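**Q** only geometry, no sequence info:
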């Protein structure tokens, strides 16, 4: 029976995603804030960003007083609904970082992200968080002549930055097909710097660890305003030296942040568990995560329990940065994702889809993630991961720790620290522009598949996203 993830009764967490469906009921909720509190650091948002920040702060300064405030429950947002990729991907390309911030900047960020994947694995082992961490790497397939050219261009750019086969390797058709036996494979690229995992088990495990160190997590508590020295909520005011915004796709709901981050939906499906003969037809033997070089992003993984979890973009941006439970379950988009999955792996045509879900990811106007702290006001932030947040949030947490504690570190010198993106346009320009961009990506993919030629739309997309 397929899980209905939109018509869930209040408190039924298992309908939020495949990952949440693995958490047994009943799930006790943490108490809400009751009255005022005074701490050193108040964090808004009980997802990966907030919890990694709390983790590293309490590791480095055991006596520090930290509170995390969450409107719903830990892992309710993208941290509990994503594709389960812990990867070295950073939303702004290395070439773009070099252009904006100086030669070598992109390589430094890349190396920091590679080390971050290692760090997530290390913490999981050290803290006994069983999140099914499986380092199978990522295979990105090239399935059209234009995509194959992108693969070769990507390799040339990597080699120009000094990266070798230990970072990125060009695959011929046979080797790429051996990893993922999809249709029309012409080749691809492979990186070992990614792991598949269960994000809910990771985020809940982090919450338990930081609570064991004295961090208080208040669930069911809505932040109503962030200002220097205080976090105001519907349950009381938390005064703090530092207040950290870790709300990602939900940021637009905070006063004064309406145009800071645009929530754009990414949706997913998951199959029933597949048997050995079915997996023999599909591949993914070593559990690599996979995608291809199309514009309208797809992403998938072979789960620990033998399902194929697969997602993609294409859901519309909703006017006024609206976020509603019904948007998690857009039947037209889910059906399109299913068609893409079957087009990749035709043997899945008759396989049951047991889960459909989704949620908002956060995107800055220049598609450039950012982390920072204003020392004059004590206000900090980390946001704009563009869907690549499972690992990037860990880097954000370590960076915020160093900024808050005033510690020098290599992380503090990375290009995204202190970056300020300009606000999104007011409505209706924001609505028209974002949705036009989504349609442009889909149109470019159709054109390139039909003609075998690079579409002019590709160059426009690169300009719009800062590529």
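**A** That came through, no problem. What you see is a predicted model, and the numbers here were worked out from it, not measured in a lab.
**Q** buried set for stretch 14-33?
**A** Of all the residues in stretch 14-33, those buried under the rule 16 or more other CB atoms under 10 Å are 14-21, 23, 30, 32-33. Placement of C-beta: from N, CA and C, glycine included.
**Q** paired strands for the host helix or strand of residue 231, with orientation please.
**A** Residue 231 belongs to strand 230-233 when assigned by DSSP states H and E. Note on strand 230-233: by DSSP bridges, its sheet partners are strand 223-227 (antiparallel), strand 236-245 (antiparallel).
**Q** deepest of those strands, which one?
**A** Mean neighbours per residue, mean count of other CB atoms under 10 Å, is largest over the strands paired with strand 230-233 for strand 236-245, with a mean of 22.
**Q** pLDDT on it, on average?
**A** Strand 236-245 shows a mean pLDDT of 98.
**Q** which residues are in contact with that strand?
**A** For strand 236-245, the external contacting residues (CB atoms under 8 Å, 6 or more residues apart in numbering) are 33-45, 50, 53, 67, 69, 226-231, 251, 254, 257, 373, 378-383, 400, 404.
**Q** just to revisit the earlier point, reformat the strands paired with strand 230-233 as JSON lines; add distance to residue 186.
**A** As requested, the strands paired with strand 230-233 are arranged in JSON lines below (distance: least, CB to CB, whole Å):
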{"stretch": "strand 223-227", "distance to residue 186": "49"}
{"stretch": "strand 236-245", "distance to residue 186": "44"}
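**Q** so where is this protein shaky, pLDDT-wise?
**A** For the chain, applying pLDDT under 70 flags the ranges 1-11, 464, 467.
**Q** what ranges do the helices span in it?
**A** In the chain, the segments counted as helices under DSSP state H are 18-21, 48-60, 94-101, 105-126, 145-160, 173-179, 199-212, 276-282, 331-344, 389-405, 429-451, 456-465.
**Q** buried sites along stretch 285-292?
**A** Buried residues in stretch 285-292 (16+ other CB under 10 Å): 287-292.
**Q** picking that back up, residue 84: which of the helices of the chain is closest?
**A** The minimum distance between residue 84 and those falls on helix 199-212, with 5.4 Å, by CB to CB.
**Q** outside of that closest one itself, list whatever touches it.
**A** With contacts defined as CB under 8 Å, 6+ apart, helix 199-212 is touched by 17, 19-20, 22-23, 46-48, 51-52, 54-55, 58, 66, 68, 74-75, 79-82, 84, 120, 124, 127, 129-132, 217, 390.
**Q** restricted to buried residues, select these in PyMOL.
**A** Selecting only the buried entries of those in PyMOL, with 16+ other CB under 10 Å as the criterion:
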select buried, resi 17+19+20+23+46+47+48+51+52+54+55+58+66+68+74+75+79+80+81+82+84+120+124+129+131+132+217+390
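**Q** what's the end-to-end length of stretch 266-285?
**A** Counting by CA to CA, to the nearest Å, you get 26 Å between the two ends of stretch 266-285.
**Q** my bad, should have said stretch 14-29
**A** This stretch, stretch 14-29, spans 14 Å end to end (CA to CA).
**Q** how far off centre is that stretch?
**A** 20 Å (CA atoms, centre = their mean, to the nearest Å).
**Q** what lies in contact with that stretch?
**A** Outside of stretch 14-29, the residues within contact range by CB under 8 Å, 6+ apart are 3-6, 8, 11-13, 73, 75-76, 80-81, 84, 198-201, 204, 219-220, 268, 270, 303, 307, 309, 354-355, 357, 359.
**Q** rewinding a little: now the helices of the chain as a markdown table including distance to residue 241?
**A** Converted to a markdown table, those look like this (distance: least, CB to CB, whole Å):
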| stretch | distance to residue 241 |
| --- | --- |
| helix 18-21 | 34 |
| helix 48-60 | 12 |
| helix 94-101 | 30 |
| helix 105-126 | 26 |
| helix 145-160 | 42 |
| helix 173-179 | 49 |
| helix 199-212 | 18 |
| helix 276-282 | 52 |
| helix 331-344 | 43 |
| helix 389-405 | 8 |
| helix 429-451 | 34 |
| helix 456-465 | 37 |
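**Q** so which of the ones you listed gets nearest residue 167?
**A** Taking CB to CB, helix 145-160 is the member of those nearest to residue 167, at 6.6 Å.
**Q** what is the closest one packed up against?
**A** Contact here means 3 or more CB pairs under 8 Å, 6 or more residues apart in numbering; DSSP states H and E; on that basis helix 145-160 packs against strand 138-142, strand 169-172, strand 187-191.
**Q** give me the buried positions along it.
**A** The neighbour-count check on helix 145-160 (16+ other CB under 10 Å) flags 146-148, 150-151, 154-155, 158 as buried.
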